[in-house]
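In: Dropping the sequence and predicted coords here.
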Amino acid sequence: MFDEKLLWKERFGRTSKEFSRYLRYIFNGHLVIVFVFLIGTAAYYYQEWLKTIPDAFPSALIMALCLAFLLTYSPIFTFMSDADRIFLLPLETKLTGYFRKSLIISFFGQIYLLIIGLAVFMPMYAAVNEGKFNTFIPFLAFILIMKGINLVARWYVQYYRETSVHRADSLIRFFVNLVFLYLLFSNAVLYLVLVCVLILIGLSGYYKMQAKGKGLKWEYLIEQDERRMTSFYRLANLFTDVPKLKNRIKRREWLDGLLLRIPFRQGASFTFLFMRTFLRSGDYWGLFVRLTLIGAVGIYFLTWGIGQIVLVVLFIYLTGFQLLPLWKHHQNHSLLELYPINGKVKEKSFLDFLRNVLWTQSVLLSLVLVIKGDFMFALGSLAAGFVFSVYFVSYYSKRKIQGS
């Protein structure tokens, strides 16, 4: 006999175990120390900036814009697998309790972002509103109520097959959430805030009525769950090997010119392979681009010269550390064993490739300081980046790949 409680317990337990398994690697990694340093630096400059903030600063609008995205984005974790579209389809009417639990766990799984976001913005709000922190709890209570309504609305929208309805719903809810948050943070009269709440409740009720007689879109639910798990696996893959990760490959023709610089000879075979993998894989190329852009923004707004050099080295370390899995990217491809190339050549090709990537990033990050006009610190960061890249590749990375 089918027991939806047992199914929920099995699915939730399996996913929780999968998360906890990889979270241990993530929170034990070197990156945590780096991110703590970055967060501490950002907090210091945020505090210094608040001392100069004018009274007319539009804190309510900025808070509303940022938190409206967190309110509107309301994914629902159903823990579905590909086989469910066949085996659970006949049992859809018996899964009401299962999906109710999915909504509850999705709510508690997302409120921490709202709490963190509100906590980050409250000092700015207090600086503009005479140091008032006592509104944090009422603000949070209203926001959590609104989050619950957003989740319910999102659940019923998933009964629609048309993607245009999904996009329209997200847009409508975003603007309702934006107005709601702006009125809330502007200390508007209570009934105006409640009007926004009632509008969203009415929208949820409308979706619920329209969903009557429609079946669940199993393919969509499964696809969304798989996409979220893939995102988590991609994060965990930066710290350890994840066998379940499905890599995304994309042809980037505009970067093919970089491959033409590689000599056409037998000894450069692995150089070409590593470079091609780096350019076509969303994991490695996207990682390099994101970290370079984040580092560039941080360096641009940082005014402490020595800190800028340290930040350059930190981002080079972050990039190099997270590109190390590229060494084993093709380890399960048996055809590579047919290459008539010595293993030492493969090792040298990878280390040379990694060194060139880190040198390129050093140049790009140092150019930010040139744009700012800090020429001496630009030279310092470039030298520090080159020296650290040599150490990281020749000693740290070499030991890592030889021990793997």
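Out: Sure, I can see it.
In: Tell me how many other residues crowd residue 36.
Out: 10 (other CB atoms under 10 Å). Any C-beta I mention is one placed from the backbone N, CA and C, and that applies to glycine too.
In: Let me know the helix or strand that it is in.
Out: helix 30-50 (DSSP states H and E).
In: and that helix, what other elements does it pack with?
Out: helix 96-128, helix 305-323 (3 or more CB pairs under 8 Å, 6 or more residues apart in numbering; DSSP states H and E).
In: how does it look with 10 Å?
Out: If contacts are counted by 3 or more CB pairs under 10 Å, 6 or more residues apart in numbering; DSSP states H and E, helix 30-50 sits against helix 96-128, helix 282-301, helix 305-323.
In: got the angle between that helix and helix 282-301?
Out: 30 degrees (axes from the mean of the first three to the mean of the last three CA atoms, to 10 degrees).
In: Give me the next element, helix or strand, following helix 30-50.
Out: Toward the C-terminus, helix 30-50 is succeeded by helix 59-72 as the next helix or strand (DSSP H and E).
In: can you give me how far the helix or strand following that following helix is from the chain middle?
Out: Following helix 59-72 in sequence order, the next helix or strand is helix 84-87 (DSSP H and E). Distance, stretch centre to chain centre, for helix 84-87: 30 Å (CA atoms, centre = their mean, to the nearest Å).
In: Render the CA-only coordinates of helix 84-87 in CSV, please.
Out: Presented in CSV, the C-alpha positions along helix 84-87 are these (Å, rounded to 0.1, in the frame of the first residue of the first chain):
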residue,chain,number,x,y,z
ASP,A,84,8.6,9.6,-11.0
ARG,A,85,6.9,10.8,-14.2
ILE,A,86,6.0,7.1,-14.7
PHE,A,87,5.6,5.5,-11.3
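In: Show residues contacting it.
Out: 7, 11, 78, 81, 91, 95, 216-219, 221-222, 225 (CB atoms under 10 Å, 6 or more residues apart in numbering).
In: Please state the mean pLDDT value computed over stretch 80-96.
Out: What stretch 80-96 shows for mean pLDDT is 78.
In: Between the two ends of it, how far is it?
Out: With CA to CA, to the nearest Å applied, stretch 80-96 spans 14 Å between its terminal residues.
In: Mind listing what's buried along that stretch?
Out: Going by neighbour count (16 or more other CB atoms under 10 Å), the buried part of stretch 80-96 is 80, 84, 88, 95.
In: Name the residues of the helix or strand where residue 382 lies that are buried.
Out: Using DSSP H and E, residue 382 maps to helix 375-391. Using 16+ other CB under 10 Å as the test for burial, helix 375-391 gives 377-378, 380-382, 384-386, 388-389.
In: Could you chop the protein up by domain?
Out: For the chain, the structural domains run 4-233, 253-403, going by automatic domain parsing.
In: pLDDT of the last one, averaged?
Out: For domain 253-403, mean pLDDT is 74.
In: if we can go back for a sec, and the helix holding residue 36, C-alpha only, in CSV?
Out: Provided in CSV are the C-alpha atoms of helix 30-50 (Å, rounded to 0.1, in the frame of the first residue of the first chain):
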residue,chain,number,x,y,z
HIS,A,30,40.7,26.7,2.2
LEU,A,31,38.2,28.9,0.5
VAL,A,32,36.3,29.4,3.7
ILE,A,33,39.2,31.3,5.2
VAL,A,34,39.5,33.5,2.1
PHE,A,35,35.8,34.3,2.1
VAL,A,36,35.9,35.2,5.8
PHE,A,37,38.7,37.6,5.0
LEU,A,38,36.7,39.1,2.1
ILE,A,39,33.5,39.4,4.2
GLY,A,40,35.5,41.0,7.1
THR,A,41,37.0,43.5,4.6
ALA,A,42,33.7,44.3,3.1
ALA,A,43,32.1,44.8,6.5
TYR,A,44,34.9,47.3,7.5
TYR,A,45,34.4,49.4,4.4
TYR,A,46,30.6,49.2,4.8
GLN,A,47,30.9,50.5,8.3
GLU,A,48,33.2,53.3,7.2
TRP,A,49,30.8,54.2,4.4
LEU,A,50,27.8,54.4,6.7
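In: what angle do it and helix 305-323 make?
Out: Relative orientation of helix 30-50 versus helix 305-323 (the same axes, to 10 degrees): 150 degrees.
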